[in-house]
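>>> sequence-free structure coming up:
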Ligand SMILES: NC(=O)c1ccc[n+]([C@@H]2O[C@H](COP(=O)([O-])OP(=O)(O)OC[C@H]3O[C@@H](n4cnc5c(N)ncnc54)[C@H](O)[C@@H]3O)[C@@H](O)[C@H]2O)c1
């Protein structure tokens, strides 16, 4: 049985679907906060609640008593996938304490639960490509230094890795951190560019292009990411094993697509899928942003056979199709 935090979120929802399809029992937790449209989170949950094997708790991961109560109610929980977080780089400039609450206190509560759950097989948690900060060596490798975050969001995700390292070392918790690289797909996140560009282009509004379009991202299709999460779950590390950090049964992996695509190509792919061109307002680099992300995925391939397959040219049209159907937007004649 798996405790899955952030179950009403984008990646959590898809992960839950895949786990349920594989016959797992999933205990989902989410506080359904208002960072973005709650009706989308509820719509995802509605899909999950139709399925056998899914139990949901509306709870805050930073609430120790509530989380302990959930663990006590389900002594069969033997794996944890911790995806709940306050996401978003821009929001961290204006709402720093949301990150302290969900990304520092939250993981600490989860680690305490993991520490006291006898026989816990694996603690898998979400990190982020943002931990690489302004590193200029590309592609980003799990062996690179990650000591210079350029946003508070990145700093809290890195802190989550470090807290996990200490718990894994002290209490022998098999733990894996996954550094996700710009994940996109159906049921996605309205605060991310692929979503807001689609919304604005369909509304006939111009879109703002940061750093004059001179940016690159490693865009990762949601199903590829979910396959990686499910695969790694079955590969808990043992202390001193390959890629383990010092003596702890803890390692981190990149889950990217191993391609750095230009922002302008990305926009063009959305425009092509929508059949509409739009006005672009060129703007300087936004604070907290990085010019390029690009994942080295060799270790992920080697350890759990990670094999992302989906290019933007295939993924974006599928996202656009979902978007039109979810929001009831007809195709232009
Ligand atoms: N989507 C990406 O491109 C991406 C990239 C890098 C890292 N990540 C990380 O992956 C994880 C999942 O991201 P996502 O894209 O699905 O984001 P999301 O915002 O859609 O999902 C996160 C979910 O966690 C919930 N949550 C937040 N704080 C909570 C709290 N205190 N208690 C309980 N629930 C809480 C939210 O309500 C939300 O449903 C996050 O840890 C995020 O930092 C995502």
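Happy to help now that I have it. Here the structure is a predicted model, which is why all the values come from computation and not from measurement. Residues are numbered from 1 along each chain as shown.
>>> Next, count neighbours for residue 152.
22 (other CB atoms under 10 Å). (Each C-beta comes from the backbone N, C-alpha and C, glycine too.)
>>> tell me which parts of the stretch 151-300 of the chain are close to the ligand?
Within the stretch 151-300 of the chain, the residues that sit near the ligand (CB under 6 Å from any ligand atom) are 180, 182, 183, 189.
>>> What pLDDT is listed against the residue of the chain found nearest the ligand?
For the chain and the ligand, the shortest gap (CB to the nearest ligand atom) falls at residue 9, measuring 2.0 Å. Per-residue pLDDT puts residue 9 at 98.
>>> Just to check, it is in contact with residue 41?
Yes. Using CB atoms under 8 Å, residue 9 is in contact with residue 41, at 7.1 Å.
>>> Tell me which of the two has more neighbours.
Taking other CB under 10 Å, residue 9 and residue 41 do not tie; residue 9 has more neighbours (27 against 24).
>>> Now do the helices in the protein.
Counting by DSSP state H, one finds helices in the chain at the ranges 10-21, 38-49, 64-73, 91-94, 96-99, 106-116, 152-171, 193-202, 222-233, 263-274, 298-304, 312-326.
>>> which outside residues touch the last one?
The one in question is helix 312-326. 43, 184-188, 194-195, 198-199, 219, 221, 261, 265-266, 269-270, 273-274, 329-331 (CB atoms under 8 Å, 6 or more residues apart in numbering).
>>> and the direction of that helix versus that of helix 222-233, what angle?
Calculated by axes from the mean of the first three to the mean of the last three CA atoms, to 10 degrees, helix 312-326 forms an angle of 110 degrees with helix 222-233.
>>> in helix 312-326, what counts as buried?
Going by neighbour count (16 or more other CB atoms under 10 Å), the buried part of helix 312-326 is 312, 315, 316, 318, 319, 320, 323, 324.
>>> What of the second one?
Along helix 38-49, these residues count as buried under the neighbour rule (16+ other CB under 10 Å): 40, 41, 44, 45, 48.
>>> how about low-confidence regions in this structure?
332-333 (pLDDT under 70).
>>> ok, 90 please
Applying pLDDT under 90 to the chain flags residues 134, 239, 241, 247, 288, 330-333.
>>> just to revisit the earlier point, need the helices of the chain in JSON lines with distance to residue 215, can you?
Converted to JSON lines, the helices of the chain look like this (distance: least, CB to CB, whole Å):
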{"stretch": "helix 10-21", "distance to residue 215": "21"}
{"stretch": "helix 38-49", "distance to residue 215": "26"}
{"stretch": "helix 64-73", "distance to residue 215": "38"}
{"stretch": "helix 91-94", "distance to residue 215": "18"}
{"stretch": "helix 96-99", "distance to residue 215": "23"}
{"stretch": "helix 106-116", "distance to residue 215": "29"}
{"stretch": "helix 152-171", "distance to residue 215": "16"}
{"stretch": "helix 193-202", "distance to residue 215": "10"}
{"stretch": "helix 222-233", "distance to residue 215": "21"}
{"stretch": "helix 263-274", "distance to residue 215": "4"}
{"stretch": "helix 298-304", "distance to residue 215": "24"}
{"stretch": "helix 312-326", "distance to residue 215": "14"}
